[in-house]
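Trainee: Provide a 3D model corresponding to the input given below.
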Amino acid sequence: MKAVKPKKNLGQHFLTDLDIARRIADTVDACPAIPVLEIGPGMGVLTQYLVKKDRPVKAVEIDSESVAYLHEAYPALRDNIIGEDFLRMDLNRIFDGKSFVLTGNYPYDISSQIFFKMLDYKELIPCCTGMIQREVAQRIASAPGSKAYGILSVLIQAWYDVEYLFTVDENVFNPPPKVKSAVIRMTRNGVTSLGCDEQLFKRLVKTVFNQRRKMLRVSIKQMFGAEKPGPEFFALDIMTKRPEQLTVAQFVDLTNTVEEALGRLGK
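Mentor: Okay, the predicted model is just below:
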């Protein structure tokens, strides 16, 4: 079989170290007995270990050359290789509405978009594992007070427990990326409801982190139009903090405070 040529426009960096591929595949064992969906299998270096596990496996691959290669290399998987764009898919139809583990050697340029989509389908995805750029992994796993703590940290940690598992060097890829990689695992926590308006929560988190160097009393003004709450609102103790200082629970409380203020203004 002719090897697939990595395509720069798709952000393809094919993993060549089989031991690391096996270790990544084993991360799905934390959520046993449910199907696995792999994103971006490329030439199947991770797929070959996933299919040995006693559970259904499907793979989504946007590159037609890779799809053709996988059909030939894994004939038993032929009907389970989906030649589509993951970001445009309705994930309810993948396993007929059943829960599944999401995994893969994710394309670095769209990994954040993949995880935002995971959040949209969080009730279907109790576990998400895989390899991403180390900087993004650190961001997702970081705690309040860290410079890496940001939008992804808060939105994912609201619903998932995050484990930074191990770092991967550049030299185990073809072609080698210019950055180090990391393998993480995200497992749904026990939260079934945040206790606030979830859309407002997301809007608030994104708004204040877009001005992360400013105190909340400055950045949060964008949540309101020309008419703003009175000075007592901006005098609250929390308003002297910067967004990276807030825990998920504090963001939930702040969301409720903002919603009340919007309600008083008739918005």
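Trainee: the closest residue in space to Asp29 that isn't next to it in sequence and Cys31, how far apart?
Mentor: Spatial nearest neighbour of Asp29, chain neighbours left out: Lys53 (7.6 Å); criterion: CB to CB, 6 or more residues apart in numbering. Bear in mind the C-beta positions are built from the backbone N, C-alpha and C, glycine included. To Cys31, Lys53 is 11 Å away according to CB to CB, to the nearest Å.
Trainee: neighbour count: these two, which is higher?
Mentor: Neighbour count, other CB atoms under 10 Å: between Lys53 and Cys31, Cys31 has more, with 22 against 15.
Trainee: ok, the more buried one to Gln199 distance?
Mentor: Distance of Cys31 to Gln199, computed by CB to CB: 28 Å.
Trainee: one more: Arg185?
Mentor: When Arg185 is compared with Gln199 (using CB to CB), they lie 27 Å apart.
Trainee: cool, and Leu246?
Mentor: Where Gln199 is concerned, Leu246 sits at a distance of 18 Å (CB to CB).
Trainee: more neighbours: which of these two?
Mentor: Per other CB under 10 Å, whichever of Leu246 and Gln199 has more neighbours is Leu246, with 21 against 9.
Trainee: isn't the more buried one right up against Val252?
Mentor: No - judged on CB atoms under 8 Å, Leu246 makes no contact with Val252 at a distance of 9.7 Å.
Trainee: and Phe166, how far from Cys31?
Mentor: 18 Å.
Trainee: quick one: contacts of stretch 175-191?
Mentor: 6, 13, 23-24, 27, 30-31, 108, 118, 122, 125-135, 137-138, 140-141, 156, 158-170, 173 (CB atoms under 8 Å, 6 or more residues apart in numbering).
Trainee: same check on stretch 153-165?
Mentor: 27, 115-116, 119, 122, 128, 137-143, 182-189, 191, 194, 201-202, 205, 209, 246, 248, 251-252.
Trainee: what sits against Phe173?
Mentor: Contact partners of Phe173, counting by CB under 8 Å, 6+ apart, are 13-16, 181.
Trainee: how about a cut-off of 7 Å?
Mentor: Listed by CB atoms under 7 Å, 6 or more residues apart in numbering, the contact set of Phe173 reads 13-16.
Trainee: could you give the bridge partners of it?
Mentor: Leu15 (DSSP bridges).
Trainee: quick check: bridge partners of the closest residue to Val51 other than its chain neighbours?
Mentor: Leaving aside its sequence neighbours, Val51 sits nearest to Val57 (CB to CB, 6+ apart; 5.4 Å). Per DSSP bridges, residues listed as beta-bridge partners of Val57: Val36.
Trainee: tell me how far Val57 lies from Asp79.
Mentor: 12 Å.
Trainee: next one: His13
Mentor: 28 Å.
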